[in-house]
Each structure stands twice: as structure tokens, then as C-alpha cells.
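Peer 1: I need the structure of the sequence given here:
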Amino acid sequence: MDRILIEALTVDTVIGVYDWERTITQSLSLDLSLATDIRPAAATDELRLTLDYAAICQRIQQFADEHQFALVETFAERLAACLQHEFPISWLRMTVRKPGAVPQAASVGLEITRGTLPEATQDTPL
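Peer 2: Next up is the predicted model:
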């Protein structure tokens with residue numbers, strides 16, 4: 001199965017458990033791997049036959065603008081559900097990093113995997 005990659009997407013959102021964090025926006029960095037079959041789009045050169053990563057990135061920023069969570073875990077879980085509901089994504093792996101959250105680390109975060117990874121299909125030889 002092919003995968004569309006979105007790496008180091010930065011979004012600003014209100015996130016954090018401390019009172020001061022609830023009054024500012026902070027940056028999150030996201031990496032996504034989205035399972036899809038790119039062959040139909042590659043054969044026809046038509047965007048509508050693949051995952052539109054520009055539209056997905058726009059939706060992620062809209063989601064970040066519309067929601068405020070205490071935990072990165074909640075942000076990731078709800079965003080994954082949103083993306084799978086609004087786009088034809090049967091499987092995804094998402095890493096969410098919060099840079100600067102711990103002074104001794106470049107970033108902290110988590111990785112989640114949701115959905116079922118479709119099995120590769122065998123093409124019949126011509």
C-alpha cells in the first residue's frame with residue numbers, strides 16, 4: 001500500500017495543562033503517513049483520485065484553530081478521527097511534537113496509529 005507523507009507541518013493552537021498555556025498559542029509539529037493507492041491518480045494524472053495533501057493540511061490548521069485541548073494526546077486522537085471521517089483515509093500514522101515543552105528536550109510528543117492498513121493487492125500479469 002502506498003502512503004502519502006506530510007512532514008514537519010507546523011500549526012499554532014492553544015494547548016497545555018497550565019493556566020498560562022491557556023492564554024497563548026503554541027506551535028505543534030506534525031508528521032503524517034496516510035495509506036492510499038496512488039495508482040489510479042498516477043495513471044490519469046487527476047488529483048481527485050488521490051489524497052489531496054494541500055486540503056488535508058488546510059483542514060489540520062482549521063482543526064487547530066477551532067479547538068483547545070489540555071493534552072497533546074487529546075489533540076492527536078481527535079484530529080485522527082476528524083481526518084478519517086472527512087477524507088478517505090483507512091489508516092494513518094501521526095506524530096505530534098510540542099517543541100520547547102521540556103527545556104532539556106528539543107520537543108516532546110507522541111505517535112499514534114489508527115485504522116486498518118489495507119493489504120497490498122496483486123495485479124494480474126497481462
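Peer 1: Who does the residue most central in space within the chain form a beta bridge with?
Peer 2: Centroid-nearest residue in the chain, with C-alpha atoms, centre = their mean: Leu32, separated by 4.4 Å. When assigned by DSSP bridges, Leu32 has beta-bridge partners Ile6, Met94.
Peer 1: For it, give its distance to Gln26.
Peer 2: Distance of Leu32 to Gln26, computed by C-beta to C-beta, to the nearest Å: 19 Å. Placement of C-beta: from N, CA and C, glycine included.
Peer 1: Kindly report the same for Phe69.
Peer 2: 11 Å.
Peer 1: between the two, what contacts are shared?
Peer 2: Common neighbours of Phe69 and Gln26 are listed as 13, 15 (criterion: C-beta atoms under 8 Å, 6 or more residues apart in numbering).
Peer 1: Identify each buried residue in the strand or helix carrying Ala43, please.
Peer 2: Assessed by DSSP states H and E, Ala43 sits inside helix 39-44. By neighbour count on 16 or more other C-beta atoms under 10 Å, the buried set for helix 39-44 is Ala41.
Peer 1: got the contact list for stretch 60-79?
Peer 2: 9, 11-17, 22, 28, 30, 82-83, 94, 96, 98, 108-110, 112.
Peer 1: The same query, at a cut-off of 7 Å, please.
Peer 2: Under the contact criterion C-beta atoms under 7 Å, 6 or more residues apart in numbering, stretch 60-79 has outside partners 9, 11-17, 30, 82, 94, 96, 98, 109-110, 112.
Peer 1: Show only the entries of those residues found in strands.
Peer 2: 9, 11-15, 30, 94, 96, 98, 109-110, 112 (DSSP state E).
Peer 1: want to throw those residues into JSON lines with pLDDT and neighbour count?
Peer 2: What follows is the ones in strands among the contacts of stretch 60-79, written out as JSON lines (pLDDT from 0 to 100; neighbours: other C-beta atoms under 10 Å):
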{"residue": "Leu9", "pLDDT": "98", "neighbour count": "17"}
{"residue": "Val11", "pLDDT": "98", "neighbour count": "21"}
{"residue": "Asp12", "pLDDT": "98", "neighbour count": "13"}
{"residue": "Thr13", "pLDDT": "98", "neighbour count": "19"}
{"residue": "Val14", "pLDDT": "97", "neighbour count": "16"}
{"residue": "Ile15", "pLDDT": "97", "neighbour count": "25"}
{"residue": "Leu30", "pLDDT": "98", "neighbour count": "21"}
{"residue": "Met94", "pLDDT": "98", "neighbour count": "23"}
{"residue": "Val96", "pLDDT": "98", "neighbour count": "25"}
{"residue": "Lys98", "pLDDT": "97", "neighbour count": "19"}
{"residue": "Gly109", "pLDDT": "97", "neighbour count": "19"}
{"residue": "Leu110", "pLDDT": "98", "neighbour count": "15"}
{"residue": "Ile112", "pLDDT": "98", "neighbour count": "14"}
